[in-house]
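Student: Structure for this input, please:
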Amino acid sequence: MKMTYKEYGALLAAGATAFSASGESAKAKDRPNVVIILADDLGYTDTGCYGAEKIQTPNIDRLAKEGMRFTDAHSPAAVCSPSRYGLLTGQYPFRNPAFAEEVLHPGAPLGIGLDQTTLGTLAKSQGYITGAIGKWHVGIGMPPVPDYNGEIKGSPADVGFDECLIDPCNLAGAILIENRHVVNADPSDPFHWEKIKNPREHLALRGGEKARNAKKPAVTGLFTDAAVSFIDRHRSTPFLLYFTPNNVHVAIKPGTPFIGKSGCGLYGDYVMELDWMVGRVLAALDRNGLADKTLVVFTSDNGGAYYKPENAKAHALGHLVNGNLLGQKTDLWEGGHRVPLIARWPGKVRTGTVSDAQVSLVDVMATLADMWHVPLPAGAGPDSFSFLYALTGSTPPATRRETQVYQGFEEGRLAIRQGPWVLIPGQGSDGVTLKGGHGMMSFAELGFVNSDYTAAGKLKPGAPPGQLYDLSSDLSQTKNLYTQYPERVTELSALFEKIRREPASRP
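Tutor: The predicted model follows:
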């Protein structure tokens, strides 16, 4: 495929015109647009509205000022692939074997079932044009591995997205896919897969050298332009845009205009670049007169990370990506999955407000269905609960979210939350915090405190076999109450097994 994005956009615009005349579009005429902005590895306190003092994020802060900021929102997993699956499908990732243990490797096929309801298919059923732009990372292509040498089956187009321009997997192979084709693929230089030694990668993409030009920071501008173009071209037709920047996932490579701007190293600069991307999207909505007609949801796929040099430098300069939370990306501790979440919908969502409602990213699906006053299809979003009541200030429903399950990384272990109580059935975090290596700052350097561990991060003799925390009085998870409340451990363990066997009920 040799078209530029601009050229392809003109072709898509013609299709959009035809679609806007259809009966499906009329069905959605008076319904709000939806823009979901999913940052990558953004920490709970990486932005000004969540407490950052050394990084300037005026556009994200504007969203919070004009909308609602949530303080108890969580990703369903502490790493990206399973969390993205949960957001897109309203289902806990542990229920799908493809996402039960680790992030997907570059050669992994599409992990979403072709008959599964997604945010895209749900929106399309209501007459919306749908787009996916940015990092995808829930697999692509059909088993056993994707075939990039022609039309790709098993792309976002097959799970509800009319248009896409995506990075399949953390820019592995430095390729982009536009709808069903690799951008700039050359049939005379075909792609193939090769096994490599790294156990977490499994396969590496080879060949196709002419198509390998998708690199940071250039893709930042490309994805942002594509998101703005999508809004511009569909301003007259209700749309859902799933916009997923690579910022602030490693490699930390902000564009030249942002280098040195934050005073907090390259990591801070990279967060500021993300904020600029958000600003471009908000400006497009303003310019097209769509701000009052659009629900914007901004969040992150998991907690922030401390285990790379740029992140460590930001920490040394006084910026804590996850504030006073214990842990980081990959961990079952709060720092691994408590995420920022902001929603703006002028005239519907109360402005400048803060909500402590317990929310999971899997809840976006039920919330959209609630907003559209439609039931979810049978079997869709089995773990999703609407939080529309929190957004609009209405009376909480009887079946709102009170429990949720989190998934770790190293072994795919699970933790359960009910009310303020969190049970982790085992020692440690199931993440990287206690592993060391790869430039990892130590437990003490990170300032972590936990009753099971010494200041150096060594497990104390006689530490309990599991962990129980009361977040209402100990958000930083400093004191393990496992032995003090055995009845609570028993109750949560039983609830955990019930949820594992069957999804929670919702209306």
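
Student: Let me know how buried residue 395 is, in neighbour terms.
Tutor: 7 (other C-beta atoms under 10 Å). (C-beta placed from N, C-alpha, C; glycine too.)

Student: is it true that it touches residue 388?
Tutor: No. Between residue 395 and residue 388 there is no contact under C-beta atoms under 8 Å: 11.4 Å.

Student: quick one: contacts for the residue nearest to residue 171 when sequence neighbours are not counted?
Tutor: Spatial nearest neighbour of residue 171, excluding adjacent residues (C-beta to C-beta, 6 or more residues apart in numbering): residue 214 at 6.0 Å. Contact partners of residue 214, counting by C-beta atoms under 8 Å, 6 or more residues apart in numbering, are 167, 171, 174, 175, 176, 183, 222.

Student: Next step: the residues you listed restricted to strands.
Tutor: residue 167 (DSSP state E).

Student: Any quick ChimeraX command for the buried ones out of the contacts of residue 214?
Tutor: The buried residues among the contacts of residue 214 can be selected in ChimeraX (16 or more other C-beta atoms under 10 Å) with this line:
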select :167,171,174,175,176,183,222
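
Student: gap between the closest residue to residue 234 other than its chain neighbours and residue 417?
Tutor: Take residue 234 and drop its neighbours on the chain: the residue closest to it by C-beta to C-beta, 6+ apart is residue 129, 5.1 Å away. Residue 129 sits 36 Å away from residue 417, going by C-beta to C-beta, to the nearest Å.

Student: Ok, residue 117 next?
Tutor: 25 Å.

Student: cool, residue 110 as well?
Tutor: 30 Å.

Student: Compute the first-to-last residue distance for stretch 93-109.
Tutor: 16 Å (C-alpha to C-alpha, to the nearest Å).

Student: any idea how far that stretch is from the chain center?
Tutor: 15 Å (C-alpha atoms, centre = their mean, to the nearest Å).

Student: pLDDT of it, averaged?
Tutor: For stretch 93-109, mean pLDDT rounds to 91.

Student: ditto for stretch 478-498
Tutor: Mean predicted lDDT for stretch 478-498 stands at 97.

Student: Could you give me the buried positions within that stretch?
Tutor: 480, 481, 482, 488, 489, 492, 495, 496.

Student: Show me where this protein dips below the pLDDT cut-off.
Tutor: For the chain, applying pLDDT under 70 flags the ranges 1-30, 198-201, 437-439, 504-507.

Student: Where do the helices of it begin and end?
Tutor: 5-20, 23-27, 58-66, 80-89, 119-125, 218-233, 265-287, 309-316, 334-337, 364-371, 388-392, 486-501 (DSSP state H).

Student: So for residue 457, which of those sits nearest?
Tutor: helix 334-337 (14.2 Å; C-beta to C-beta).

Student: For that closest one, what is the distance to the chain centroid?
Tutor: That offset, for helix 334-337, works out to 13 Å (C-alpha atoms, centre = their mean).

Student: Contacts for that helix, please.
Tutor: For helix 334-337, using C-beta under 8 Å, 6+ apart, the contacting residues are 43-44, 74-78, 302-304, 322, 325-331, 406, 408-409, 422, 429, 431, 471, 475-477.

Student: got it, and stretch 361-381?
Tutor: With C-beta under 8 Å, 6+ apart, stretch 361-381 has contacts from 31-32, 34, 36, 73-76, 83, 86-87, 89-92, 116-117, 119, 122-123, 125-126, 295, 297, 299, 301, 339, 341, 383-388, 391, 401, 506.
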